[in-house]
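Novice: here is a sequence together with a model predicted from it:
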Amino acid sequence: MKKDIIEKLAALIIASFGLVAALAWNSAIQAIFKQVYGATEGIIPMLIYAVVVTIVAVVAAIWIGSLENRVKKEKSKKRKE
């Protein structure tokens, strides 16, 4: 039971740090976007920003997923040996 609680707590803490990092990146990307494209007010600039961030998030998620799969395969190979 203690192990489950510690695992859940660790996952929540990691997720919290991930949220903080995401918010920091959001602010940084908005600042860069504002510097490159001028004011970020308006529907079109915000849609462009949302699309760009979504594409980056999807690419990152795919990359992390493939990295995770490689690590799992390596671990299973080592266990078989």
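Specialist: Sure thing, it's come through. Because the structure is a prediction, the values reported are computed rather than measured.

Novice: pull out the buried residues from the longest helix along the chain.
Specialist: For the chain, the helix with the greatest residue count under DSSP state H is helix 43-80. With burial defined by 16 or more other C-beta atoms under 10 Å, the residues of helix 43-80 counted as buried are 49, 53. The way it works is simple: take the backbone N, C-alpha and C, and place the C-beta from them, glycine included.

Novice: so what does it touch, helix or strand wise?
Specialist: helix 2-37 (3 or more C-beta pairs under 8 Å, 6 or more residues apart in numbering; DSSP states H and E).

Novice: quick check: angle from the helix it packs on to helix 43-80?
Specialist: Helix 2-37 runs at 140 degrees relative to helix 43-80, counting by axes from the mean of the first three to the mean of the last three C-alpha atoms, to 10 degrees.

Novice: the longest helix of the chain: how far from the chain's middle?
Specialist: 8 Å (C-alpha atoms, centre = their mean, to the nearest Å).

Novice: again, but for stretch 2-12
Specialist: Distance of stretch 2-12 from its chain centroid, counting by C-alpha atoms, centre = their mean, is 21 Å.

Novice: separation between residue 20 and residue 26?
Specialist: Distance from residue 20 to residue 26, counting by C-beta to C-beta, to the nearest Å: 11 Å.

Novice: what touches both of the two?
Specialist: Counting by C-beta atoms under 8 Å, 6 or more residues apart in numbering, residue 20 and residue 26 have no common neighbour.

Novice: how does the protein divide up, domain by domain?
Specialist: 1-38, 41-81 (automatic domain parsing).

Novice: can you put the ones you listed in JSON lines and add mean pLDDT?
Specialist: Output for these, formatted as JSON lines (pLDDT from 0 to 100):
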{"stretch": "domain 1-38", "mean pLDDT": "85"}
{"stretch": "domain 41-81", "mean pLDDT": "83"}
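
Novice: neighbours around residue 33, how many?
Specialist: Residue 33 has 17 neighbouring residues, counting by other C-beta atoms under 10 Å.

Novice: how about the nearest residue to it, chain neighbours excluded?
Specialist: Excluding its sequence neighbours, the residue lying closest to residue 33 (C-beta to C-beta, 6 or more residues apart in numbering) is residue 49, at 5.3 Å.
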